[in-house]
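*Asks:* sequence first, predicted model second:
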Amino acid sequence: MKDKLDIINSIKVLISPWEKGFTCGLVIGENNKMTSEQYELISTVARGMIKFASDTPDQAFKLGMEGFSEDREKNEIPDDVHCLNQSDVDPYDASKIIDFLKIRDLKKKLRKK
């Protein structure tokens, strides 16, 4: 059976830390072999994900936490989610959470001294 997630024939949504929280982007591979209909569907969904996360980050975060909670309750990653690398870090362990905005604010205070 063919793997559901084709890394080459895909559009990647990237999310990375930024001074104001996070930033998002798309990586569209030149080697993809999507039909025009597939490309339109995939690129539009990817762009919608970025718009949703950018416009309503609180809701995106809440949905992410709900997803992690559901995964944790079932003690597995759902079949419709393909995970390339599963972390062994407990996302609910507050000692493992890094508040990038607090770090930014501390750096600003240190620079003023």
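*Replies:* That came in fine, so what should we check first? It should be emphasised that the depicted structure is a prediction, and the values quoted were computed from it without experimental measurement. Residues are numbered from 1 along each chain as shown.
*Asks:* so where's this structure shaky on pLDDT?
*Replies:* 1-5, 76-101, 103-104, 113 (pLDDT under 70).
*Asks:* list the helices and strands the top helix by length along it packs on?
*Replies:* Determined from DSSP state H, the single longest helix within the chain is helix 36-55. When contacts are defined as 3 or more C-beta pairs under 8 Å, 6 or more residues apart in numbering; DSSP states H and E, helix 36-55 packs onto strand 11-18, strand 21-28, helix 57-74. In short, each C-beta sits where N, CA and C put it, glycine included.
*Asks:* quick one: strands adjacent to the second one?
*Replies:* So that's strand 21-28. Note on strand 21-28: by DSSP bridges, its sheet partners are strand 11-18 (antiparallel).
*Asks:* run through who's touching the partner strand.
*Replies:* Strand 11-18 is contacted by residues 22-29, 32, 42-43, 46, 49-50, 53, 100 when judged by C-beta atoms under 8 Å, 6 or more residues apart in numbering.
*Asks:* give the buried residues for it.
*Replies:* Using 16 or more other C-beta atoms under 10 Å as the test for burial, strand 11-18 gives Ile11.
*Asks:* can I get that strand as PDB, trimmed to CA atoms?
*Replies:* Coordinates of each C-alpha in strand 11-18 appear next as PDB, following Å, rounded to 0.1, in the frame of the first residue of the first chain:
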ATOM      1  CA  ILE A  11       3.200  21.600  -0.400                       C
ATOM      2  CA  LYS A  12       4.800  22.100   3.000                       C
ATOM      3  CA  VAL A  13       3.500  24.500   5.700                       C
ATOM      4  CA  LEU A  14       6.300  25.800   7.800                       C
ATOM      5  CA  ILE A  15       5.800  27.400  11.200                       C
ATOM      6  CA  SER A  16       8.800  28.900  13.100                       C
ATOM      7  CA  PRO A  17       9.400  31.100  16.100                       C
ATOM      8  CA  TRP A  18       9.500  34.800  15.500                       C
END
